[in-house]
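Novice: sequence and computational prediction follow.
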Amino acid sequence: MNVADSERMAGLLKEIGYTLTDDFDEADLLLINTCCVRETAEDKAFGKIGELKRLKVKKPSLIFGVTGCMAQKEGENLIKRAPHLDFVLGTGQINEIAKVVEGIETLHGQVVDVSNVGGKINIEKISPIRAGQVSTFVPIMYGCDNFCTYCIVPHVRGRERSRSEEEILAEIRGAVDSGFKEVTLLGQNVNSYGKDIGKTFSGLLTAANEISGLQRLRFMTSHPKDLSDEVIDAIASGEKICEHIHLPVQHGSDKILKKMNRVYTAEKYLRLVEKIRAKIPEISLTTDLIVGFPGETEEDFRELINLIREVKFDAAFTFIYSKRSGTPAATFPDQIDDETKHRRIEELIKVQDEISLEKNLALKDKIFDILVEGESKTDKNIFTGRTRTNKLVLFKHGNEKPGDLIKVKITQPQTWLLKGIREI
């Protein structure tokens with residue numbers, strides 16, 4: 001979501017004469033778009049704000065601003081902590097960036113605006129400067145209504161607000177017309193899309209699947225409690241809808257899930273997985289997992305390990321629980337010590353890595369349609385692409401170019417990626 005927001009802010013700034021640059025020393029405007037979902041993200045943002053102060057000292061005319069979730073959370077405190085900042089804009093003010101920058105150019109004052117959180121965000125007339133060549137993001141909704149006890153998102157992005165289906169489809173068509181082959185629909189909980197405007201996510205998927213020129217359609221993220229039969233059916237029948245669902249379970253203990261306010265049990269999650277795989281046998285399932293949540297016992301942790309062994313996720317994003325001020329879980333008793341957290345996450349990662357490798361080894365000698373993304377970051381002779389199930393594939397570069405759809409035979413499966421050769 002931050003990537004999509006940044007692309008839109010870049011589009012607005014272009015309208016007042018700014019262009020993107022990779023040269024910090026030459027920049028006239030520095031903008032840090034922040035996350036605060038975990039403490040490490042905040043620490044990195046604060047570190048970068050301090051590190052770049054030297055540029056402001058060297059060039060006083062430089063405009064330096066912070067936007068995004070940490071800006072929303074900290075507000076005035078951010079300016080007090082880093083007085084070299086010129087502006088702090090919250091998540092609801094994405095469309096005000098150009099106006100704020102022009103005001104600072106003229107008046108040279110400081111601006112803090114964290115209003116409109118949870119309000120309507122008018123992004124329909126913004127032309128984003130999209131990164132990449134092949135795949136791009138299209139937000140379909142903002143905010144979240146779930147209020148998981150560990151999560152800061154509803155507090156910094158507000159309640160759920162859906163964009164109109166017409167606006168979303170028009171943006172997808174525009175991206176396709178610009179040459180993008182793959183679109184990922186974004187929302188904190190895409191399964192809730194349309195509840196506030198009389199639409200459904202399954203209906204949006206079905207409509208987007210009909211867009212001419214679009215090759216692949218993805219989405220993230222899905223809350224298990226809202227993944228309907230209609231959405232599963234749409235994925236199963238949609239020619240362009242990819243067979244991959246990121247379905248965060250977070251934990252395998254019913255006690256912990258209840259404390260997290262996840263509103264489902266481990267058994268309900270397992271039955272949902274069974275239903276998905278029955279209708280879409282080739283589905284790839286990925287997830288988010290948290291260890292060290294307050295009150296997590298060894299028995300609770302064993303239940304988490306048992307769940308991932310039963311589900312056999314293709315991959316998992318694993319996290320140590322991080323206190324977020326303003327969330328209920330930050331005040332829960334029985335906080336877990338760091339040594340226990342690190343021991344548990346090391347075991348969790350080891351188990352999941354074994355499962356991921358097992359899943360990938362089963363793909364050896366199979367042939368997949370690969371959407372070419374471009375050259376590897378480490379070797380220009382190696383190109384990368386992805387299967388429909390979102391597995392990264394590396395292959396020797398021939399005459400392919402980004403956006404091509406080719407067939408690759410998997411010759412060397414690894415834990416986190418697949419290596420193969422092109423089938424002519």
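Specialist: Good, I have the coordinates.
Novice: let me see the mean pLDDT of the lengthiest helix in the chain.
Specialist: Assignment by DSSP state H gives helix 338-361 as the longest helix of the chain. What helix 338-361 shows for mean pLDDT is 98.
Novice: ok, the helix or strand just after that helix: who's next to it in the sheet?
Specialist: Using DSSP states H and E, the helix or strand that follows helix 338-361 towards the C-terminus is strand 367-375. Paired strands of strand 367-375, with direction, are strand 382-386 (antiparallel), strand 405-413 (antiparallel) (DSSP bridges).
Novice: wait, A98 touches I16, no?
Specialist: Yes. Between A98 and I16 there is a contact under Cβ atoms under 8 Å: 4.9 Å. (Each C-beta comes from the backbone N, C-alpha and C, glycine too.)
Novice: in this structure, which spans are helices?
Specialist: Using DSSP H, the helices of the chain run over 2-14, 39-51, 53-58, 69-74, 76-81, 97-107, 153-157, 165-177, 201-209, 229-237, 254-260, 266-279, 298-311, 338-361.
Novice: make TSV from the ones you listed and add distance to Y321 to it.
Specialist: As requested, the helices of the chain are exported to TSV (distance: least, Cβ to Cβ, whole Å):
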stretch	distance to Y321
helix 2-14	22
helix 39-51	10
helix 53-58	32
helix 69-74	18
helix 76-81	24
helix 97-107	33
helix 153-157	15
helix 165-177	34
helix 201-209	29
helix 229-237	29
helix 254-260	10
helix 266-279	18
helix 298-311	12
helix 338-361	7
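Novice: tell me which of these sits most buried.
Specialist: The highest average neighbour count among these, using mean count of other Cβ atoms under 10 Å, belongs to helix 69-74 at a mean of 26.
Novice: that one - what's its average pLDDT?
Specialist: Average pLDDT, helix 69-74: 93.
Novice: re earlier: closest to P402 out of the helices of the chain?
Specialist: Proximity to P402 (Cβ to Cβ) singles out helix 165-177 among the helices of the chain, at 14.7 Å.
Novice: tilt between the closest one and helix 201-209?
Specialist: Helix 165-177 and helix 201-209 meet at an angle of 30 degrees, taking axes from the mean of the first three to the mean of the last three Cα atoms, to 10 degrees as the criterion.
Novice: S115: what's it in contact with?
Specialist: Contact analysis of S115 by Cβ atoms under 8 Å, 6 or more residues apart in numbering lists 90, 92-93.
Novice: now K240
Specialist: Each residue near K240 by Cβ under 8 Å, 6+ apart is listed here: 208-209, 211, 214-217.
Novice: from these, which is closest to Q414?
Specialist: Nearest to Q414 among the contacts of K240, counting by Cβ to Cβ, is R216 at 23.1 Å.
Novice: tell me the pLDDT of the closest one.
Specialist: At R216, pLDDT is 98.
Novice: which residue is the nearest non-sequential neighbour of it?
Specialist: Nearest residue to R216, sequence neighbours excluded (Cβ to Cβ, 6 or more residues apart in numbering): E182, at 4.1 Å.
Novice: do you know which of the helices of the chain lies nearest K377?
Specialist: Proximity to K377, assessed across the helices of the chain by Cβ to Cβ, is greatest for helix 2-14 (17.0 Å).
Novice: show me what contacts Q110?
Specialist: Q110 makes contact with 79, 85-87, 104, according to Cβ under 8 Å, 6+ apart.
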